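Novice: How does the following fold in three dimensions:
(3 chains)
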Amino acid sequence: MKIRKFILACAILLFLPLLILPGAAFADDEDDAEMEMEEVDLSFLFELGDNGMPIMSPYETTDAYLIGVSQIGNNFPFVVAMVEGSDQAAEDMGFEQILTDAQFDVQKQITQLEDIIALDPDGIVLVALDAEAVIPQLEAAVAADIAVLTCWNDLGGPPRANYEGSVSLIGVDEVQTGRDVAQFVLELLPDGGQVAIVEGAAGFQASIERSEGFVEALEENPDIEIVASQPGNWTREDSLAVTENFIQAYPDIDLIYAHDDNMAMGVVSALRDADMLDDVRVIGIGGSVEGLESIANGELYGSVFDSPRAAAYICSKALIAHLEGAEIPSDIFLPRPIVTQENVEDFEGEW
Amino acid sequence: MAMKRQENGQNRLSALMKSLSLQNMAIVYVFLILCVVLALSSDAFLRPRNIINIIRQASVVGVLAIGMTFLLSTAQFDLAVGAQAGFTGVVILLLIPVIGFIPALFASLCIAVVIGLITGAIITKIGVNSLVTTLGTLSIIKGLLLVLTDGRILRGATPELRWFGSGEILSIPFPVIAFLGLGILGEFVLNYTRYGRYLLAIGGNREASKLAGLRVDEIIISAFVLSSICATIGGIILLGRIYSASPLGGVGTEFIAITAAVLGGTSIFGGEGSVWKTVVAVLLLQVLGNGFNLLNIGANYQELIQGFIMIGAVALYTYQRRRQ
Amino acid sequence: MPRSILEMRAITKTFPGVVALDSVDLEIARGEVHAVVGENGAGKSTLMKILSGAYQRDAGSIFLNGKPADISMPADAIRQGIGIVYQDLPLVPALTVLANIYLGREKTTRLGRIDRAIHLARYQQLCDSFGIYLAPERRIRDLSVAERQLVEILKVLDRDAQVIVMDEPTATLDQNAKEALFQTARQLQAAGKSFIFITHFIDEIFEIADRVTILKDGRRVDTLDIDKTSPQEVVAMMIGHSPRDMFPEKTNTASGKPILQLRGISVGDRIRDFSMTLHQGEILGLTGLVGSGCSDIGNLIIGNLAYDRGAVMLDGEPTRISSPYEAIKRGICLLPSDRKGSGLLLDFELAKNVSLSSIDKISPRQVIQFKRERQIAADFIEQLRIVTPSARQRVRNLSGGNQQKVVLARMLYTDARILVLDEPTQGIDVRAKEEIFLLMRQLTDQGKAILFISSEFKEIAGVADRGIVLRNGAITAALERDDISEARLVAAATML
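Specialist: Next up, the predicted model:
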């Protein structure tokens, strides 16, 4: 037991610099999320690989649990990868899984949750489509002594914090990600320049937060000007059009930050057609298969890597650990390293 | 004789005045006003490159909207065309490695014809209304998209495909030529040919058209085939522009297409249709988006402004018409 | 004679070009069932619409209980005790009997909820006082036509109607339901309520009515006690002796060769064993009351209605025509009875309506020659004397008669040799009627054959060379050229 702890401690010491690489280089003392990560020992949930991403490994258990997984919509590649992670976890840890797909319909998710609760599982991994709508179901599950773990999307109450009653919130810190990208941009444009943002869509929390941290961090530097911020509506078509219009309005643009890799590919298309790929750097979020390929080809400049597979795996694992009696921290933010052409071989896209 | 000529001249003048009236041309005037406003507020707006951009950006929805105008003229509509455009991309990307580039394009058009025939036959021969039928086909196509792509974005576009998105003929991009070309052709067919007259007559009064000896069912089916082919052409342009096919691609575009057709004065109850005004309405919506980008208007305000302009345009000509 | 409850005196109403009512009197006694009869266009509906407040009278006065009544809108009529039971029964199918009766007049509790108890109590009281019973919780959509009628009657009774007007109440009822309705009427009659029955069925009057008022061409012919008259006398008064001069002379004296024959045609229960022969150069009249199946014959000839049994022969050859498209190809054309619903494209220009069936004539190589299209329309405007500012006028803005001429122009432009005209004179003025009859005769003189379907017996008698009468889908009379008369047509259509 002691030996194991020792090895874990060594591992953490070894990998910690990698984990906080983006932030660590431009030390930000007031960063709560990092503080937390440094303090809390998460090694029982995941260890980090060479690339700074968690390695999936099963939690030792002999019990065969019944776990419900309430997913948001299987026609979105990111979710498909999450489902793969959940399936992998079920196989590795030998629990039975009830997987539901809400097809991006809040009503559907509510009824599906009710169905899951009726089956009386040991726990539920909840990927909520709406922060408020499913809270009654969460409470019903807790009342029925079913452990609920909030995965990726947070529920009501203060943002980026676990909702009372849920075992834990395991996800990402979008505001911090925005800050990290901003720091990276400052490094890329030491003499200042013009930056444009292709947002997700109006009314999306992820979109708001990804801009929030980014804008806030860049505003401190007067040499960098954010010339425009327009919605790409999470689609490639719209991002393509928005970028075409940016090029007309702001021909001297230096960098475009897209709120996800799919939109970033639209941005890249527009720049390629206008023969401006060499002049404008594009940064996305998510590390999609296509995004990583584009980075390797030198078209997309960089992206923030997500592993939906690992995230879903870790959520299931944390739930099992909780059922086995382990203490799970209230909020767990997964690492999101920045990928560029230099380290792209270390990553494998999942969506 | 001289009297008569004068009368003729007056008639022609009053006909011209009537065709330029607010009732007939509201959407065109709104479009022109918007263009003037944007030209005054952004230097970039009138640049040839920007104008080409706008038309190119509008091309996918535009081609769908032209097909939709034909359908609406017969008092039908198809909610599946957006998904079908996305479906086209998936089919082509899956078929290229198997049968090659040109055969894949050809196959996608054949599939379009089949989808149009089936949809039209269900609506006319069985008598299910177009809302239910096309919601059904929409669901089927969305399902097929998921099954075929496994929920992932498909890649593997060949360089030839890019030509449909950005290739140029006489330095005019292909999507622009396809969109405007189909617009001109569509306007001609709908309002100047026998076939177009049949479509409008059926939309005006299906029963009367049937009793007047029109082959109503066959003509409605043909309109579904045409719209389906337009959806596929739109899908090919979309594929050429974004170079990949996602399981969500194109879904939702049908509503913009219907909106544009209605803004252009095509009645959803049939009998009236103007392809060129549909084209103007598509451009209006796109110019609005272009303006938002050029002037960097916040995302939260965009829907708001768009809604006001849409209702304003339709209210203008509806009000004029009611006063008559 | 008991004291009258309702008196309409010297009611006059004109519509542009037509005098619909010319100084008509109607007097209803308390507790009386009063029938009002007359041919189509005699003025029955107009008179009732004036009574209900839907129309305004031009002259005349209305007294209720001997006092002048001011009825200028439907609400006035209801308030003053006049209840109209409509033919198309405007009830809400998804709601219960109770909810329908109190719809829009709901009593609510202090909290704003509908007070069902009050409704129910009132409903029970209402039913008890007239000896009627209908379960209050049944939904309208589960009721038969007769029961729905009862709901309508209860509705007007609840509003304290003294005079109940029923427009063609038996048209859609079977024998038993009819008996039940008459029974209800007698019970209400005993309770002092009065009825106005508008009907086409002369035999029914003698079962239920106390008196009958006969209208003709907007005038009251007479009011008779039912005991002192006979069906024959009533029919004779309905027909009167109309001036013959509105009809063109029947120049056709001998039948040409048979061109269209129907043999033993049946369509479910609607048409039973129907046969007819249409000859070249003749006008064959087909008549019957509304709903007798005449329109079905027109539709099945042009392939718009499938028949189960029987045969159709064109020029002596067995033929099966399965669509209007084929019919037109073979020279058969229909003028539908519902001019606006299935005859015209109301929002299309006149010229486009004329060319619709034969666009190929003006679009060689697909492209429409607009100039020629308008020229052809102009020719027809002149030939048929269509009153319109131009060939580009939307037909919606034309009068009924001119609209009908547009449909005729379309048929003529197809060069059809068999014309099926279903109620071609419905809702058009006398002048236009005359013109259409003249045109029909001219066309048959040119060798065309016309099947003239109409429920106006007078017109069939005046125009057709031969006549066939339908009742409930079966032929009740086939009259040759010397036998055809209005009286015989009416008798065959209205009496068993």
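Novice: residues contacting the residue in the stretch 301-450 of chain C positioned nearest to chain B?
Specialist: With C-beta to the nearest C-beta, the shortest gap between the stretch 301-450 of chain C and chain B falls at C:I328, namely 3.6 Å. Any C-beta I mention is one placed from the backbone N, CA and C, and that applies to glycine too. Contact analysis of C:I328 by C-beta atoms under 8 Å, 6 or more residues apart in numbering or on different chains lists B:212-213, C:357, C:414, C:416.
Novice: now C:I205
Specialist: C:35, C:37, C:197, C:199, C:212, C:226, C:231, C:234.
Novice: quick one: which of those sit in strands?
Specialist: Judged by DSSP state E, the subset of the contacts of C:I205 located in strands is C:35, C:37, C:197, C:212.
Novice: Could you export those to a markdown table, including columns for neighbour count?
Specialist: As requested, these are arranged in a markdown table below (neighbours: other C-beta atoms under 10 Å in any protein chain shown):
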| residue | neighbour count |
| --- | --- |
| C:A35 | 25 |
| C:V37 | 26 |
| C:F197 | 24 |
| C:V212 | 24 |
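Novice: Now name the helix or strand holding C:G467.
Specialist: Using DSSP states H and E, C:G467 falls within strand C:466-471.
Novice: any idea of the mean pLDDT in the helix or strand just after that strand?
Specialist: Using DSSP H and E, the helix or strand that follows strand C:466-471 towards the C-terminus is strand C:474-479. What strand C:474-479 shows for mean pLDDT is 88.
Novice: Can you point out the buried residues in strand C:474-479?
Specialist: Under the neighbour-count criterion of 16 or more other C-beta atoms under 10 Å in any protein chain shown, strand C:474-479 has C:475-477, C:479 buried.
Novice: So the residue in the stretch 51-200 of chain C that chain A sits nearest to: helix, strand or coil?
Specialist: Residue nearest to chain A within the stretch 51-200 of chain C (C-beta to the nearest C-beta): C:A94, separated by 24.7 Å. Under the three-state scheme (DSSP: H, G, I helix; E, B strand; the rest coil), C:A94 adopts coil.
Novice: again, but for A:E132
Specialist: What three-state DSSP gives for A:E132 is coil.
Novice: can you pull the pLDDT of the nearest residue to it once chain neighbours are set aside?
Specialist: Nearest residue to A:E132 in three dimensions, chain neighbours excluded: A:G156, at 4.9 Å (C-beta to C-beta, 6 or more residues apart in numbering or on different chains). Note on A:G156: pLDDT of 79.
Novice: Next, count neighbours for A:G156.
Specialist: Residue neighbour count, defined by other C-beta atoms under 10 Å in any protein chain shown, stands at 15 for A:G156.
Novice: contacting residues for it?
Specialist: By C-beta under 8 Å, 6+ apart, the neighbours of A:G156 are A:131-132, A:135, A:163.
Novice: May I have the phi/psi pair for it?
Specialist: Main-chain torsions, A:G156, degrees, to the nearest 10: phi -50, psi -180.
Novice: got it, and A:S57?
Specialist: The phi/psi pair for A:S57 (degrees, to the nearest 10) is phi -140, psi 150.
Novice: could the ones in strands among the contacts of C:I205 go into TSV alongside distance to chain A and pLDDT?
Specialist: Output for the ones in strands among the contacts of C:I205, formatted as TSV (distance: C-beta to the nearest C-beta, whole Å; pLDDT from 0 to 100):
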residue	distance to chain A	pLDDT
C:A35	59	93
C:V37	60	89
C:F197	55	91
C:V212	63	94
